[in-house]
Structure formats: C-alpha cells, structure tokens
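Peer 1: After the sequence you'll find the predicted model.
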Amino acid sequence: TGSGKEVVADYVQRHSNRSGAYVKVNCAALPESLLESELFGHEKGSFTGASEKRIGRFERAHNGTLFLDEISELPLSVQVKLLRVLQNHEVERIGGQTAIRIDFRLICATHRDLEAHVASGKFREDLYYRINVFPIYIPPLRERMDDIPALCYHFLNRARNKIGRGPTEIHPDTFTILQRSDWRGNVRELENVIERACVLANGSLLTPAQIQNLTGARISGRFPPLPREYPRPDPAAQ
C-alpha cells in the first residue's frame, strides 16, 4: 500500500494507443451490494431502486483501459462473473438479455499475496491465472532508497503549489535522514512528511533539523548514507 501501483497503471495508460476511456475502480471502496451494478451495469427496473438504465464500468472502458485496484477484495460471486467477461469479451447488464461485446485492456493491482489468497480459497485460481499475464512487482520504498531525492523534489514542488509556500531546496543530509526510515507507508508516507515539512519549515532550505522529527521513531541503520550530490530532476522529463 502506498508504493505507487496506481501511478504505474496511469503511466501504462498515458503511453497506450487505445483511444477509449481510462476507467478506475477501487474494489475495496465499493460495497458488495453495489459492486455488480457498478461493474456490469443494470437495466431499468431490474431491481428495487433501479429507476433508470446504468452503463457499467466495463462498457465505459470499451476500446480503453479498466483499472481494478485492490482486486483481491472482490467477492467470489463477482470473481466468477469477471472471469466470464475476460473469457468471452462480453458483458451482460443486470436484468438484461443481450450480451454486449467489449474490448478493453485490464490492469489489476493489489497489495496482497494473491497466491496465498488462492491457497486459502479467497481468490479463484482460474481467475488468478487469467489476469496474471504480465505481472509488475512494485517494491516498497525501503527497497529503492535511491528514488528518494527525485521523489522529495517532486513532492516539495507539489506541496508548494498546494499551500503557497515552503522551501525550494533540500539539504543533502536531509536525504540521509529520510533514507534511514523504514517507510511502512511507502511513497504515500514520504509525500505526507514532505508536505508537513513545507507547512512547518522556515526559509528556502529544507534542513535535517526540520525533517528529523517528522519521520517517526522507525529509524533503521541498515542502509549506507546516500551520496551528497543530488542532481535536480528535470521538470520536463516528469
């Protein structure tokens, strides 16, 4: 969680030649009672409260990309229907009688171990092998500490634009402190720390003294210090 799965999905979509919509679904955020309607759509009058026809996320992603975040949270009943859509490239709205042909790229993300979920019966094995075509492992921030300088400058600029003030430069020793935290919240936690630093810091330089109390007590000595010279990232390349 917080490692940047959605950022990678967005990157894939931005460099895609698909002309259709980019549709996102957070499977963990939708209650099970609404999930099927959101994904597959429904016809008017198909159930109590269905006062009008609804186009589902699959149909909206036709010729585009559907991003299912936290796919491990899908209930088994919905997993069966998802597998059928992927096999047949057709979707049928709730209460409908007609199969609708669709063409879309599916990107899935999860912070859980899907193989363990399959072993425990929480995730269908056939669906797992159907979606596991091209896996991308996004390591936690503690395994890619060299990313911290570029991420810090990116988040610093974002925070300055958001709150209207804050440092413009970061002292090299600040990176050493940040690099020794274990970052259980990953990149999202780092972003929050940089934003808090912008709120609290005085002057144009973000110093170690201003940052050391914001990373919490989870400091590890496992990592060697980073080099002291950090090239500023080129904004045009971001």
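Peer 2: Sure thing, it's come through.
Peer 1: what about the helices in the protein?
Peer 2: In the chain, the segments counted as helices under DSSP state H are 5-14, 32-40, 57-60, 76-88, 114-119, 125-131, 148-163, 172-179, 186-200, 208-211.
Peer 1: residues in contact with the third one?
Peer 2: Yep, that's helix 57-60 we're talking about. Contact with helix 57-60 is made by 21, 23, 25, 38-41, 66, 85, 91, 100, 102, 104, as judged by C-beta atoms under 8 Å, 6 or more residues apart in numbering. Heads up, the C-betas are built off the backbone N, CA and C, glycines and all.
Peer 1: go with 10 Å
Peer 2: 20-25, 37-41, 66-68, 81-82, 85, 89-93, 100, 102, 104, 106 (C-beta atoms under 10 Å, 6 or more residues apart in numbering).
Peer 1: what mean pLDDT does it have?
Peer 2: For helix 57-60, mean pLDDT rounds to 95.
Peer 1: chain center to that helix: distance?
Peer 2: Distance of helix 57-60 from its chain centroid, counting by C-alpha atoms, centre = their mean, to the nearest Å, is 20 Å.
Peer 1: Pull that helix out as CSV, backbone CA atoms only.
Peer 2: The C-alpha atoms that make up helix 57-60 are tabulated as CSV, following Å, rounded to 0.1, in the frame of the first residue of the first chain:
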residue,chain,number,x,y,z
ARG,A,57,-17.5,0.3,-15.9
PHE,A,58,-16.7,-2.5,-18.3
GLU,A,59,-18.8,-0.9,-21.1
ARG,A,60,-17.4,2.5,-20.3
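Peer 1: Looking at the contacts of helix 57-60, which are in strands?
Peer 2: Tyr22, Val23, Lys24, Val25, Gly41, Leu66, Phe67, Leu68, Glu90, Val91, Ile100, Leu106 (DSSP state E).
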